[in-house]
Structure formats: structure tokens, C-alpha cells
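>>> Requesting a structural model of the entry that follows:
(one chain, ligands or ions: 1)
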Amino acid sequence: MANLSHHHDLWISLLSWLRDKHGMKTDIDSLAVECRDAPGAGKGLFALKDCSPSSALFTVPARALINVKTIGSLYPPGPEGHELSPVQMISLHLFLHKPQEGGISNDPLFGPYLSTLPRDFSGHPCTWSVNERLLKNDGGLERSLLQSLPPCVRRSLQQLVSRLWADWETVRSYLRLKQEIIQNLKTSRRTSAESLFSESPDNSLVQDFLWAWLNVNTRCIHYRLDSSISSPKNMTLCPILDFANHTPSHSDIIPQLRASHSHALGGDYVFKSNSARTLRKNSEVFLRYGGHANRTLFIEYGFVNLWEEGSVERGEVSGEVDVQDLVEALFENGPGFIAKVVKQILEDEGYWGDWTIHSSPAPAHPSYRLITALRLYHHLKQNMATHLSDPVPIVDEWRKATLGETERISDQNEECWRNSVADICESVIQRAVDGTQAVKLLQNPHEDRIPDWSQWMQSILLLWQEELEVSRRVLYSIRSGEEF
Ligand SMILES: C[S@@+](CC[C@H](N)C(=O)[O-])C[C@H]1O[C@@H](n2cnc3c(N)ncnc32)[C@H](O)[C@@H]1O
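Okay, here's the model as predicted:
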């Protein structure tokens with residue numbers, strides 16, 4: 001109960017800050033949502049009243065957002081052009097002003113907002129990876145959790161975690177050059193910088209940066225600050241909105257910049273209800289984070305969309321599996337130096353990687369990128385005796401089929417790549433069966449300390465189940481002679 005009321009107090013403080021400091025309207029006519037417990041997903045946003053389609057839900061003043069426009073002057077470029085990226089800058093700000101355990105943030109600018117951010121990311125796979133490295137021999141639990149993940153999930157996670165470590169190093173180098181940032185902090189608890197600049201900083205500092213970085217990664221949304229739509233600056237942390245959980249089917253909240261500010265970038269952020277739906281009082285208000293595959297949701301956000309066993313295979317739920325490791329292994333096990341040649345050509349032509357199989361739309365199918373890569377491999381393999389030293393004519397034939405100038409390279413080539421897809425599906429099926437078995441054997445080592453264990457296991461099992469059902473379905477398509 002104490003915890004519940006603590007959260008409620010933080011929410012009330014946030015609203016007071018938004019109203020008194022930033023002039024936000026927080027009466028029920030202007031703020032139609034509130035933060036409540038969302039079982040299985042932490043906190044969530046809920047409607048305080050019925051809201052008709054396209055009605056205003058709330059408007060967050062521009063100055064209450066955390067982005068390069070509102071904090072950029074605190075973190076100017078360093079002497080040798082050392083500039084922080086938006087992710088690094090916002091992460092640094094959160095890192096410097098992380099709330100004390102069980103307390104609030106002393107940040108004079110955004111304290112009441114930072115105090116509402118989640119404190120615990122122990123179920124996020126990025127945390128498992130960082131702790132495995134920090135705790136070394138004591139990181140056995142984290143190691144077995146990581147080893148229980150499907151290989152493609154582990155691989156995507158490694159890429160994400162590499163970004164985290166690179167950002168941490170950049171932020172440390174920046175602070176080393178601009179030590180006055182820490183020296184001038186009046187209210188932050190980061191008053192001493194000694195360990196920060198040592199070769200191996202205290203684990204607690206790394207974990208605080210991880211907390212900051214995960215908040216940025218899981219809560220920032222697109223917000224136009226730069227005239228170029230693809231600029232990395234176009235992101236922000238946004239109070240209230242960042243309590244919205246994801247649903248794959250639709251968005252109840254539609255972000256938009258206030259029309260009267262459309263000439264100016266970085267105006268107040270207005271959120272309206274969906275134009276095709278009425279929101280019912282007390283219903284949860286969802287934001288669709290994007291059409292992400294479950295492995296992406298898992299590594300970026302630490303959860304997966306829930307679905308019923310069998311529904312991917314029945315075509316009711318869409319599933320996707322990344323098979324890059326198996327395709328690379330196929331190339332590596334090919335004759336001679338073929339792997340090197342194939343990689344070089346596919347990289348040059350923009351077809352390296354992102355090789356997936358999909359359960360929908362029917363028929364379940366390999367991605368075009370996967371078919372294209374396999375076509376090249378088999379064409380080279382069939383002609384390597386004569387052409388590997390000069391693959392230009394082979395590549396030309398492959399390119400023609402890729403660009404649709406010819407329908408196919410040859411019937412034999414079609415048969416070969418289809419057989420490879422079937423082999424890949426069989427491998428995925430086998431390892432999904434083994435992987436599921438291994439996860440079921442994993443034990444919660446500290447029942448009292450990991451209350452969310454069964455939820456973590458459910459997510460990992462669903463990732464394996466998706467691998468199983470998608471690959472079975474694609475194998476069925478291949479064996480039935482489906483054309484893709
Ligand atoms: C933008 S925050 C949403 C608010 C968050 N639930 C909280 O307690 O502050 C994103 C995080 O919420 C959780 N989340 C969002 N949608 C979810 C869902 N459908 N199922 C489970 N967790 C979800 C994940 O932990 C994710 O990283």
C-alpha cells in the first residue's frame with residue numbers, strides 16, 4: 001500500500017509541476033487520462049471519462065519536454081568538437097539527476113518528472129547483459145537467461161548493448177573534457193567524479209547510466225525539432241504520454257503538434273484520441289509503438305505481444321523469424337572462398353543481412369531479401385569452377401532476376417534456394433524444440449527476489465514458440481510448392 005500511495009504522490013507532484021511551473025491545463029476537461037497500475041506492464045494510462053473520436057486528450061507544454069532543445073544549453077560541445085548525440089545527452093541528464101533509492105530527483109529543472117520514471121529494469125534483457133559483464137563470475141543467472149534466448153534475439157541484443165557501451169564511453173569522455181558540468185551541479189548527488197573517470201568505474205555508476213539509457217530507449221517518442229524529418233534530434237521524453245503502453249493493433253493516442261505552432265519546430269505537444277474510436281471511461285489508453293517484430297519489442301522494450309499457442313500457425317497472428325545466423329553458416333560451409341565472395345557482392349548490392357521468414361500474409365514465406373541472397377549463393381556455387389575468379393557474368397544474371405528483368409535464373413537455381421529454405425526451417429524447428437525444453441528447465445533462483453520470473457519465462461517461451469510456428473508454416477509452404 002505504501003508503494004501504491006508513493007506512486008500516487010509522485011503522479012500528483014508531476015501534475016502540480018506541470019500546472020504551476022509550465023501552465024499546463026490539468027482539469028478533467030483538459031487532461032482526460034491518468035496513470036494507474038497496468039498488471040503485467042507496470043504503469044499505464046487510463047481514460048478518466050468517455051472521449052469521442054478525435055477529441056483532445058491533453059497538451060504538454062514544450063518546456064516540460066526533455067530533448068536537445070530544452071537541455072542542449074547545459075551540455076554544449078566540448079573543446080575538440082566532442083558533441084553528444086540526443087540519446088547520449090538525455091541519458092547524461094537523467095544519469096546526473098537519478099532519484100535516490102525510494103526518493104525523488106533533485107533536478108531543479110525536471111525533478112518532479114524524473115521522479116516518476118520507473119526505477120527497476122531488472123526484467124530488461126539489456127540489464128541481464130550488462131550485469132553478466134559487470135558481475136563476472138557472479139553473473140551466472142544472467143548468463144543462463146541470455147543463453148536461453150533464441151540466437152537471433154541474442155544477436156540483436158548484442159548490437160543494442162554495444163550501442164549502450166559506446167554511449168557510456170562517449171559520455172565519460174565528454175565529462176572528462178567538461179568537468180565543470182559535474183563541479184557546478186548544486187543539487188545532484190554526482191558530486192564526485194573520481195570513479196567516473198577511472199579505467200573501471202564503480203558498477204553502481206554503470207548501472208545508473210544503464211537506468212538512464214533504458215529510460216531514454218523505452219520512453220522517448222518522435223517529436224519534430226529539426227527541419228529534416230530524419231534528423232536524430234527529433235526525439236523527446238514527454239511526461240504523461242510516456243506512461244502509455246503498447247498494443248499492436250491500434251493507437252488510442254494520436255500525437256500532433258499544435259496547428260498554430262506548425263511553423264515553429266518544438267511547440268507544445270498535443271495528443272488527441274483516435275479518429276475512429278471512442279475511448280471508454282476507465283479503459284486503458286494505448287499507443288502503438290510501431291509494427292515491431294516480437295524480438296525487437298523484447299530487446300528494445302523488454303516485453304513481447306502476448307498470443308495464444310497455435311495462432312501464428314493458424315495465420316491469426318503474424319510471426320517473423322530472423323534466420324541470418326543459419327544463412328551465414330550455410331555460406332561458411334560452402335565450397336572454397338564462396339562465403340567471402342557472396343558477402344562482398346551482397347554488401348555491395350545492399351542485400352546483406354535482414355534475412356527473415358514470415359507466417360503472414362499467406363502463404364507463409366521467406367523474405368525477398370532471403371530469396372535474393374540464396375539465389376546468388378547457389379548461382380555462384382553452381383558456376384564456381386569456371387567463374388569464381390571473375391564472377392561478373394554470374395552477378396549480372398543474378399542482378400537481372402533481382403531487378404525483375406528475367407523471371408528466374410534457372411529452374412535448378414529455384415530448386416536449390418527452395419531446398420535451402422526448407423533446411424533452414426528444419427534447423428529452426430529443431431532448435432526451437434530444444435530451446436523450449438531448456439527454458440522450461442530454468443529455475444527461479446531467488447523466488448523472493450524475482451517476483452516477475454514467470455513473466456520473463458513466458459516472454460522467452462513465446463519467442464521460441466514463434467520460431468517454431470513460423471518455420472513450420474514456411475516449411476509447409478515450400479513443400480506444397482507455393483510460389484512467392
Ligand atoms: C513508455 S513505457 C510505458 C509505461 C510503463 N509501463 C511504466 O510503467 O512506466 C514502455 C515500457 O512499458 C512496458 N510495456 C509497454 N507496453 C507493454 C505491453 N503491451 N506489455 C507489457 N509491458 C509493456 C515495457 O516495460 C516498456 O519498456
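
>>> Count residues in the vicinity of residue 104, would you?
16 (other Cβ atoms under 10 Å). Using the backbone N, CA and C atoms, a C-beta is placed for each residue, glycine as well.

>>> is it true that residue 114 touches residue 107?
Yes - contact criterion Cβ atoms under 8 Å: residue 114 and residue 107 qualify, at 5.4 Å.

>>> Report the set of residues contacting both of those two.
residue 97 (Cβ atoms under 8 Å, 6 or more residues apart in numbering).

>>> I'd like to know how far residue 434 sits from residue 422.
19 Å (Cβ to Cβ, to the nearest Å).

>>> The two - which one has more neighbours?
Set residue 434 next to residue 422 and count neighbours by other Cβ under 10 Å: residue 422 wins out with 16 against 11.

>>> Show me what from the stretch 1-150 of the chain comes close to the ligand.
Selection of the stretch 1-150 of the chain residues close to the ligand by Cβ under 6 Å from any ligand atom yields 40-44, 118.

>>> Of the residues you listed - the most surrounded one?
Ranking these using other Cβ under 10 Å puts residue 44 first, with 20 neighbours.

>>> and it, what does it touch?
35-38, 243-245, 284-285.

>>> before we move on, the earlier item: out of the residues of the stretch 1-150 of the chain next to the ligand, which one sits closest to the ligand?
residue 42 (2.6 Å; Cβ to the nearest ligand atom).

>>> close enough to count as contact, that closest one and residue 117?
No - here residue 42 lies out of contact with residue 117, judged by Cβ under 8 Å, at a distance of 10.9 Å.

>>> where's residue 395 relative to residue 401, distance?
11 Å.

>>> And for residue 337?
For residue 337 relative to residue 401 (Cβ to Cβ), the value is 23 Å.

>>> Between those two, which is the more surrounded one?
residue 401 (20 against 11).

>>> what about the closest residue to that one other than its chain neighbours, how many neighbours?
Distance criterion Cβ to Cβ, 6 or more residues apart in numbering; nearest residue to residue 401, sequence neighbours excluded, is residue 409 at 5.0 Å. Residue 409: 21 surrounding residues under other Cβ under 10 Å.

>>> Helix, strand or coil: sort out residue 409 for me.
coil (DSSP: H, G, I helix; E, B strand; the rest coil).

>>> That one is in contact with residue 381, isn't it?
No - the criterion here is Cβ under 8 Å, and residue 409 misses it with residue 381 at 11.9 Å.

>>> Just the element for residue 113, please.
helix 111-114 (DSSP states H and E).

>>> Counting neighbours, which bits of the next helix or strand after that helix end up buried?
Remark: after helix 111-114, the chain's next helix or strand is helix 125-135, criterion DSSP H and E. Judged by neighbour count using 16 or more other Cβ atoms under 10 Å, the buried positions of helix 125-135 are 125-132, 134.

>>> ok now helix 125-135, how far from the chain's centre?
From the chain centre to the centre of helix 125-135 is a distance of 17 Å (Cα atoms, centre = their mean, to the nearest Å).

>>> separation between the residue nearest to residue 80 when sequence neighbours are not counted and the ligand?
Closest residue to residue 80 apart from its sequence neighbours, by Cβ to Cβ, 6+ apart: residue 177 at 7.3 Å. With distances taken as Cβ to the nearest ligand atom, to the nearest Å, residue 177 is found 32 Å from the ligand.

>>> May I ask which helix or strand encompasses the residue lying farthest from the centre of the chain?
Largest separation from the mean C-alpha position in the chain: residue 386, at 45.3 Å (Cα atoms, centre = their mean). Per DSSP H and E: residue 386 is located in helix 368-387.
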